[in-house]
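**Student:** Pasted the sequence and its predicted model underneath.
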Amino acid sequence: MNSDPEIETGNFAPQSGKFRDRAPFRLIDWNIDRGLKLSGVIEFLESAKADLILLQEVDINAKRTHQLNVACEIAKRLRMNYVFGREFQELTQGSDQSPAYHGQATLSPWPLSNQRIIHFQKQSQFWRPRWFLPNVEPFQERIGGRIALVSMVDLGGRRLLNYNLHLESRGDDTIRLAQLNECLYDVRRSRTNADTVIAGDFNLNVFRSSAAREIVGAGFVSTAAKDPVRTTPPHSLFERGRAIDWIFTRGSVRPAKVCVHNSVSASDHFPLSVNLDLT
């Protein structure tokens, strides 16, 4: 039972399964756009056969996603364990009696533990309620702020520490770099021997900013080339999409076979997958 009211957990994976080092260990990172096209999201994830799934923009009890607990629905269908961390309370999507939330979810068929949230100190304040704005959907008023959801995957004695990020979408890269550095500082402070993954929606092209230097300096390896395939579809004839979703690893894990699944149309981001060699 988790004591943090901003974290929800659930266990739907079969208890009899035992992890064996097998090739490959598959990781999926995906901003699912709240779960608005939930059937398409589940269809892809069922076919992906992933060992670890990091999702951003996941709704709980929101009107726009039919008051579903999106993280729980996915975990039940995939027969996985899950951890959900609240990023925002969505004021236009729920009520005082029945609040709606939005955040990140981490899922795995293997046990998840040591879950916690990093509430970034640097926030844009763009989303906070203002007295002169009506509490209706176009203004998307929220209480909360951007987070990283941290958890540990137990692979039968071997552990994989993962950071599920959603960096700020408003403002310039200064705020996103500050939030990323809070995660990297947390990694250094933890002093863990566990292999580590940092992944999520960074809302910036890492290799076109100083973020690359910070990440490499913290001992992480990119799973993508310096000019990766864009992870969002084009919004117009003049906009080609953006490379803003990333996966980085540190430790003895070795990434291979990175893929952006740009034929999947269940979100305004494409799923990103990577096979990790744990042997």
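**Tutor:** Yep, that arrived.

**Student:** Under a three-state scheme, what state does Leu184 occupy?
**Tutor:** For Leu184, the assignment made with DSSP: H, G, I helix; E, B strand; the rest coil gives helix.

**Student:** tally of neighbours for the closest residue to it other than its chain neighbours?
**Tutor:** Nearest residue to Leu184 in three dimensions, chain neighbours excluded: Ala218, at 4.5 Å (Cβ to Cβ, 6 or more residues apart in numbering). All C-beta spots, glycine's among them, are computed from the backbone N, C-alpha and C. For Ala218, the neighbour count with other Cβ atoms under 10 Å is 18.

**Student:** and Ala218, what pLDDT?
**Tutor:** Per-residue pLDDT puts Ala218 at 91.

**Student:** Run through the residues that contact it.
**Tutor:** Each residue near Ala218 by Cβ atoms under 8 Å, 6 or more residues apart in numbering is listed here: 184, 187-188, 250.

**Student:** got it, and Asn114?
**Tutor:** Taking Cβ under 8 Å, 6+ apart as the test, what Asn114 contacts is 150-152.

**Student:** Helices of the stretch 1-150 of the chain, start to end?
**Tutor:** 38-48, 70-78 (DSSP state H, counting those that start in this stretch).

**Student:** So what touches the shortest one?
**Tutor:** Yep, that's helix 70-78 we're talking about. 8, 10, 12, 32, 34-35, 38, 41-42, 45-46, 53, 55, 58-60, 80-82, 84, 105, 107, 109.

**Student:** rewinding a little: can I get the helices of the stretch 1-150 of the chain in a markdown table including distance to His269 and mean pLDDT?
**Tutor:** Shown next, in a markdown table, are the helices of the stretch 1-150 of the chain (distance: least, Cβ to Cβ, whole Å; pLDDT from 0 to 100):
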| stretch | distance to His269 | mean pLDDT |
| --- | --- | --- |
| helix 38-48 | 11 | 97 |
| helix 70-78 | 15 | 98 |
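
**Student:** most tightly surrounded among the ones you listed?
**Tutor:** When you average the neighbours per residue for each of the helices of the stretch 1-150 of the chain (mean count of other Cβ atoms under 10 Å), helix 70-78 leads with a mean of 21.

**Student:** the inter-axis angle of it versus helix 38-48?
**Tutor:** Per axes from the mean of the first three to the mean of the last three Cα atoms, to 10 degrees, the angle that helix 70-78 makes with helix 38-48 is 50 degrees.

**Student:** Thanks a lot, catch you later.
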